[in-house]
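> build me a model:
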Amino acid sequence: VGILFSPVPAQASELDMAAAREDFYEAVNEEALAGMTIPADSASVGRFDEVQNQIDSQMEGLITGYAQNLSGLAEDSDEYKLGALYLCAVDTATRDAYGLGSTMENYIARIEAAADVEELLNISLEMSRKYNMGTLVSAIYTADLKNVEENMLTAGTISLPLSKAYWLGTDETSSMVRALYLQLLSDLYQIHGMNETEADCLAAQFGNLFTALAPAQLNPEDYYNPEKLYNVYKVSDLADFFNGKLPVETLCRLFEAEPEDEVMIQEPAWMMAVGSMMTEENLPLLKAIMVGSIYTSLASVTDTQSLEAVLTFEQLVNGAQEPVSFEKNAMDNTVAVLTDFASRVYVENCFDETVKADVEEMTRQILAVFRERILNLTWMQEETRREAVKKIDTMGVNVVGPDEWPEYMDCIQIVPPAEGGSLIDNYLNIRSVIIEDNIAGKDRPTEPDSWEGTATYEVNAFYNSSGNCIYLPAAILQGEFYDSDASEAQNLGGIGAVIGHEISHA
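Numbers count the residues shown, from 1 in each chain. Predicted coordinates:
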């Protein structure tokens, strides 16, 4: 969970003390707020955004430079891969010509031709195994929440495309967001050949389905209770969750599991509710759900019409004046798809790693203060105090970026447009490499404090509950958050507050 506030430097002597006593926030922030303008493609603005915009400009300069000089780069370098993928992202002609690409078109043909629910679930398992794409059923290896040094198979099914509150809410905002999402669904089906009447009807059917299923999903506060998310079964039990239709032998073969192996299901009630739909009379609806999942999950990396539909939806839901531009989205997509590559490039080119030791020492000092104060609490029970101190004493601290980068990065190759590459094919190949790495490492000890997938170029900080560790990426160690030339007090007020906030999540 990231942090939710920004440090604003102010000298007490500069404040109107009477005004500060009346409204401290306004007195401190009035001048800064008056100088801020919300960009047309955003819903908000703040100090985080200002620092992030500077970093985004740095990354844009680097990646567009790589794209322009692609022939001069080694094909196995981070720079080449980022530049080549960006060229695919801005290649509108190829994106529109390829659309979903032959791989997904073949899957859609198989889905539409499926004779029964079991065949459909076989296809769904195959898509999950080959591309980590979740449709009716999915699986992946994650850390065992009660033994985080070992992996456990985790199974899932479709998710609500909007939060539970939107599907069940009767207020104006909930109605608006539901309508916008159903319009997006209809638009995507029409883009891919369905007429408007049929697309609207199907979207409405989905809306009724999600509304009916929503009560089975956990409430938001339940996701903060690990006991409610840790539900362990045998792999052979999974068939019961899918109305007896799930081909367990296929799952075992694809994910190198045995029927007696343990599998974790975060939301058994939700999976059972979805699984109850796995009947032959629902076969047409299940096919439509799978195809719709493909349309929505890949819309940002396929044709430009689908992308425009998604960007318009995001604009309206967020309340922005205009959608994010195609060029900005292409850059955002590039760094999001190649997060670890962009992270390494940012640290190597835009960041002074000499600050790392200072921030690590500051974090140790703040942890020590937490520990001392917990030990001196009078209202906390002894058992709770003991567990809290244990958590402090074992907390991992990750600053700047990883010391070693993931090995899977070496296996990813990007084919640029000049060599016949497309955004969708490169995207699927990347996902294929990542899921292969996941399966290959299922029996290896986990790395609870791994940086994998955590961006060093994002102005934020995080606490990882399963690994009991905090992350302070390079991007947040600058500006008003941290300055090696600033006083200790200023840095404690900036990055120190961030560190304390992240520790408090624990």
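> would you map the helices across the stretch 401-506 of the chain?
423-440, 488-491, 497-505 (DSSP state H, counting those that start in this stretch).
> can you pull out the strands in the stretch 251-400 of the chain?
262-264, 396-400 (DSSP state E, counting those that start in this stretch).
> of all these, which gets the most neighbours per residue?
Most buried of the strands of the stretch 251-400 of the chain, by mean neighbour count (mean count of other CB atoms under 10 Å): strand 396-400, with a mean of 20. C-beta here means a position set from N, CA and C on the backbone, and glycine is covered the same way.
> quick check: next helix or strand after the strand or helix carrying Arg95?
In this assignment (DSSP states H and E), Arg95 forms part of helix 92-98. Sequence-wise, the next helix or strand beyond helix 92-98 is helix 101-113, with elements assigned using DSSP H and E.
> list the buried residues in whichever helix or strand comes after that following helix.
Using DSSP H and E, the helix or strand that directly follows helix 101-113 along the chain is helix 117-131. For helix 117-131, burial by neighbour count (16 or more other CB atoms under 10 Å) applies to 117-125, 127-131.
> now swap in stretch 204-212 and tell me
206-207, 209-210.
> just put these in a markdown table and tack on distance to Arg178, pLDDT and secondary structure.
As requested, the buried residues of stretch 204-212 are arranged in a markdown table below (distance: CB to CB, whole Å; pLDDT from 0 to 100; DSSP: H, G, I helix; E, B strand; the rest coil):
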| residue | distance to Arg178 | pLDDT | secondary structure |
| --- | --- | --- | --- |
| Phe206 | 10 | 97 | helix |
| Gly207 | 6 | 97 | helix |
| Leu209 | 12 | 97 | helix |
| Phe210 | 9 | 97 | helix |
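> tell me which residue lies nearest the centroid of the protein.
In the chain, the residue lying closest to the centroid (CA atoms, centre = their mean) is Gly453, at 8.6 Å.
> quick check: which ranges of the chain have low pLDDT?
Within the chain, the stretches with pLDDT under 70 are 1-14.
> max-length helix in it?
helix 47-68 (DSSP state H).
> so which elements touch that one?
The criterion is 3 or more CB pairs under 8 Å, 6 or more residues apart in numbering; DSSP states H and E, and the helices and strands that helix 47-68 contacts are helix 78-90, helix 326-337, helix 339-350.
> got the ones you listed as CSV, with mean neighbour count and distance to Met271 columns?
What follows is these, written out as CSV (neighbours: other CB atoms under 10 Å; distance: least, CB to CB, whole Å):
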stretch, mean neighbour count, distance to Met271
helix 78-90, 24, 35
helix 326-337, 18, 28
helix 339-350, 20, 29
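> quick one: closest of the ones you listed to Cys201.
helix 326-337 (30.3 Å; CB to CB).
> of the strands of the stretch 251-400 of the chain, which approaches Leu160 most closely?
strand 262-264 (19.8 Å).
> could you tell me how many residues sit around the closest residue to Thr92 other than its chain neighbours?
Of all residues not flanking Thr92 in the chain, Thr304 sits nearest, at 5.3 Å (CB to CB, 6 or more residues apart in numbering). By other CB atoms under 10 Å, the residues close to Thr304 number 13.
> Tyr427 versus Thr304, what's the distance?
Here the distance between Thr304 and Tyr427 works out to 15 Å (CB to CB, to the nearest Å).
> can you check Arg371 too?
Taking CB to CB, one finds Arg371 at 45 Å from Tyr427.
> more neighbours, these two?
Between Arg371 and Tyr427, Tyr427 has the larger neighbour count (other CB under 10 Å), namely 22 against 15.
> just give the closest residue to that one, not the sequence neighbours.
Val301 (4.6 Å).
> equivalent analysis for Ile366, please.
Going by CB to CB, 6+ apart, Ile366 has Ile499 as its nearest residue, at 5.2 Å.
> what's the burial count for that neighbour?
Count around Ile499 with other CB under 10 Å applied: 25.
> OK, contacts around it?
359, 362-363, 366, 461, 470, 472 (CB atoms under 8 Å, 6 or more residues apart in numbering).
> can you rerun that using 10 Å?
3, 359, 362-367, 370, 397, 399, 461, 470, 472, 492 (CB atoms under 10 Å, 6 or more residues apart in numbering).
> mark which of those are buried, thanks.
Looks like those have 3, 359, 362-363, 366-367, 370, 397, 399, 461, 470, 472, 492 buried, using 16+ other CB under 10 Å.
> make CSV out of the residues you listed and add distance to Ala269.
CSV is the format used below for the buried ones among the contacts of Ile499 (distance: CB to CB, whole Å):
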residue, distance to Ala269
Ile3, 32
Val359, 43
Met362, 44
Thr363, 40
Ile366, 40
Leu367, 38
Phe370, 37
Val397, 37
Val399, 40
Ala461, 33
Ile470, 32
Leu472, 37
Leu492, 45
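> tell me the one of those nearest Val235?
Ile470 (34.2 Å).
> buried stuff in stretch 29-42?
41-42.
> any idea how far Ile495 is from Ser484?
Ile495 is 11 Å from Ser484, by CB to CB.
> okay, and the common contacts of those two?
Contacts common to Ile495 and Ser484, judged by CB under 10 Å, 6+ apart, are 355, 358-359, 477-478.
> any idea which of those is closest to Ser343?
Of the shared contacts of Ile495 and Ser484, the one sitting nearest to Ser343 (CB to CB) turns out to be Leu477, at 13.8 Å.
> so who does the closest one touch?
351-353, 355-356, 358-359, 399-400, 456, 459, 461, 483-484, 491, 494-495, 498.
> hang on, the earlier thing: tell me how far the residue nearest to Tyr427 lies from Ala269.
33 Å.
> these two: who's more crowded?
Val301 (22 against 13).
> which residues does the more buried one contact?
88-89, 95, 100-101, 307, 333, 337, 422-428.
> mind checking how far it is from Ala309?
On the measure of CB to CB, Val301 and Ala309 end up 13 Å apart.
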